[in-house]
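>>> Turn this into a model:
(one chain, ligands or ions: 3)
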Amino acid sequence: MKKLMALTVAMLGGTAALAADWAEVGDAGESLMTANITNGVGALTGITGVLNTNAEDLVDMYCIRIPDPSIFGATTVGGASFDTQLFLFDVNGRGVTFNDDAPAGGTLQSTISGQFVPAPGIYFLAISRYDRDPVDSNEAAIWNDTPFAAERAPDGPGAANPLAEWSGGGGSGGQYRIELRNAAFHVPEPASLSLLALGALAARRRR
Ligand SMILES: [Ca+2]
Ligand SMILES: [Ca+2]
Ligand SMILES: [Ca+2]
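Ligands and ions are numbered 1, 2, ... in the order given. As a prediction, this is how the structure comes out:
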């Protein structure tokens, strides 16, 4: 048993060092079906990509995991030089939270938290060039435009409905880095799988 515990500690120690950014692959899409799926292990510390002003590159969407909503956060403050918007959707495409200009004020970049995230799990994070906004199948806005400097749960006429498409013009874009706090890659961490395997092994030994 002592050996098993030492092995567990070693694996946890090794996993703690696993943390990385995700770099956009190709051009991330703007729907659940075409989003970049972040594959990796451990903590997802950020996402780097580009919203190209000279292309139809108005929205990039990424599939991530949120292990603990109470400490989750995402921001483009300090990570982009253009006017960004950040959105979070659930796996059914329904809006969770949104911010245009960070609530702290004095910036056109965006910050969201886990305050409106209902449970740990898989979510879709989207960045857009202001003022490209998500709408439902009737072209009703899922979020209102204002107030700009507030993080809000869906409050538009289409608030209750899933994302169908995006609407409105995009201002200039550029390269960005979305800094993430307490987010994880889409796939489960191997540590939790290993611990499950170790648990199963220990249970088998007790028989
Ligand atoms: Ca892109
Ligand atoms: Ca903004
Ligand atoms: Ca907007």
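>>> What distance do you get for the nearest residue to G42 once chain neighbours are set aside to ligand 3?
Distances taken as C-beta to C-beta, 6 or more residues apart in numbering put L18 closest to G42, at 3.0 Å, once the chain neighbours are dropped. No exception for glycine: its C-beta is placed from N, CA and C like everyone else's. Per C-beta to the ion, to the nearest Å, L18 is found 36 Å from ligand 3.
>>> Check what pLDDT A191 gets.
At A191, the model reports a pLDDT of 54.
>>> Repeat that for V59.
98.
>>> That one - nearest residue in space that isn't next to it in sequence?
Here the residue nearest V59, using C-beta to C-beta, 6+ apart, is E30, at 3.8 Å.
>>> next one: G169
D131 (6.4 Å).
>>> cool, and Q175?
V50 (4.9 Å).
>>> Wait, N144 touches G156, no?
Yes: between N144 and G156 there is a contact at 4.8 Å, judged by C-beta atoms under 8 Å.
>>> Measure how buried W166 is and give me the count.
18 (other C-beta atoms under 10 Å).
>>> contacting residues for it?
Contacts for W166 (C-beta atoms under 8 Å, 6 or more residues apart in numbering) come out as 30, 58-59, 128, 132-135.
>>> Among those residues, which pair sits farthest apart?
Using C-beta to C-beta, the pair of these lying farthest apart is L58 and V135, separated by 13.1 Å.
>>> is it true that Q85 touches P134?
No: at 9.5 Å, Q85 and P134 do not qualify as touching, with contact defined as C-beta under 8 Å.
>>> Any idea which helix or strand in the chain has the lowest mean pLDDT?
helix 2-16 (a mean of 44; mean pLDDT, DSSP states H and E).
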